[in-house]
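In: pasting a predicted model and its sequence here:
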Amino acid sequence: MQPVATTFFFYFLSAVTVISGLLVITRRNAVHSALALILALIGQAGLYLMLYAPFVAGVQIILYAGGIMVLFLFVIMLVSIEQSLKEEQFSKLWVVGLVSALALGGLFVAVYLKGKGIFPERVMIPPETSNTQEIANYLYGNYMFAFEIASLLLLVAIIGAVVMAKKRI
Amino acid sequence: MAPIGTLHYLVIAAALFVLGVIGVLTRRNVVIILMSIELILNAVNLNLVAFSRIWGLHGQVFSIFIITDAAAEAAVGLGILIAFFRNKETVNVDEIDLLKW
């Protein structure tokens, strides 16, 4: 017996996510796109919660909806949007881009229709309360080296961003 | 109605991925192209978390690494955009042709 709420919330959250994603790529004003992207990210955090991943959901909201989107909004305000509002929003070859992207979508549909059976029906329901602890065990155990490399990557990105955005070094 | 399985999440992730690809290929504004790249990375994250329900927590750990990557990519990309805007006063990708002969 499947609870009704799971189905309802899945379709609700995916509708929020996909419609906001559609708004991101169609709005003329970049600020509206950024706000729609925030909505999409929050809907996706809800989907993570439904997948029993509360830590990733929290990181998604704090880092994406909180951090990266503030960065985007600051940059939108630094580059003037008034003049780009009057210009053509889609590139000249937009038909080619749309057709190739839809071909990619058709590939996805074909793969998922053919490979429907290979995903196991039985899913684990991991304990939600110890999720963060187990992720920490992996991060500081198995993935120790990758974790250190990620911190190095962030350092390089910080230096790169400062060097790029500075007027005169 | 069918119970919600892994395939449902994969289909949503595929839809987000295709939306991101459409945004990258058709828009002219660099800021919106970077946002579309964020959509693509998020679709991958959704796939990883959906699979982590079957094969253990490794998918969630990898999605955290991908979020780190996305932060680094956004910072550097927006830094490049600011440096470019200071020189050329435009944010349209088809006017960025300094390296084109």
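Out: Received the coordinates, thanks. Numbering: from 1, shown residues only, chains lettered A, B, ... in the order given.
In: CA only for contacts and neighbour counts going forward, please
Out: Noted.
In: mean pLDDT per helix and strand in chain A: which one sits at the bottom?
Out: The helix or strand of chain A with the lowest confidence, counting by mean pLDDT, DSSP states H and E, is helix A:82-86 at a mean of 74.
In: just how off-centre is that helix within its chain?
Out: 27 Å (Cα atoms, centre = their mean, to the nearest Å).
In: next, the buried residues of that helix.
Out: Taking 16 or more other Cα atoms under 10 Å in any protein chain shown as the neighbour-count basis, helix A:82-86 is seen to contain the buried residues A:Ser84.
In: show me what contacts A:Ile159?
Out: Contacts were defined as Cα atoms under 8 Å, 6 or more residues apart in numbering or on different chains; by that measure A:Ile159 touches no other residue.
In: in a helix, that's where it is, yeah?
Out: Yes: A:Ile159 sits within a helix when classified using DSSP: H, G, I helix; E, B strand; the rest coil.
In: skipping adjacent residues, who's closest to residue 64 in space?
Out: Using chain A. Counting by Cα to Cα, 6 or more residues apart in numbering or on different chains, A:Tyr64 lies nearest to A:Leu41, which is 7.2 Å off, once chain neighbours are set aside.
In: the intended chain is chain B.
Out: For B:Ile64, the closest residue by Cα to Cα, 6+ apart turns out to be A:Val56, at 6.9 Å.
In: run through the residues that contact that neighbour.
Out: When contacts are counted by Cα under 8 Å, 6+ apart, A:Val56 is found next to A:Ala45, A:Tyr48, B:Gln60, B:Ser63, B:Ile64.
In: ok, so of those residues, who is nearest A:Leu155?
Out: Distance to A:Leu155 across the contacts of A:Val56 (Cα to Cα) is lowest for B:Ile64, with 16.7 Å.
In: helices and strands around the helix or strand harbouring the closest one, which ones?
Out: When secondary structure is defined by DSSP states H and E, B:Ile64 falls within helix B:58-88. Counting contacts by 3 or more Cα pairs under 8 Å, 6 or more residues apart in numbering or on different chains; DSSP states H and E, helix B:58-88 packs against helix A:54-59, helix A:69-78, helix A:131-140, helix A:144-165, helix B:30-55.
In: surely A:Tyr138 touches B:Gly59?
Out: No: the pair A:Tyr138 / B:Gly59 is not scored as a contact, 10.8 Å apart, by Cα atoms under 8 Å.
In: ok now do the residue most central in space within chain A, which residues does it touch?
Out: Closest to where the C-alpha atoms of chain A average out (Cα atoms, centre = their mean) is A:Leu41, at 5.7 Å. Residues in contact with A:Leu41, defined by Cα under 8 Å, 6+ apart, are A:Thr17, A:Gln60, A:Ile61, A:Tyr64, A:Ala65.
In: please consider this matter closed, and thank you.
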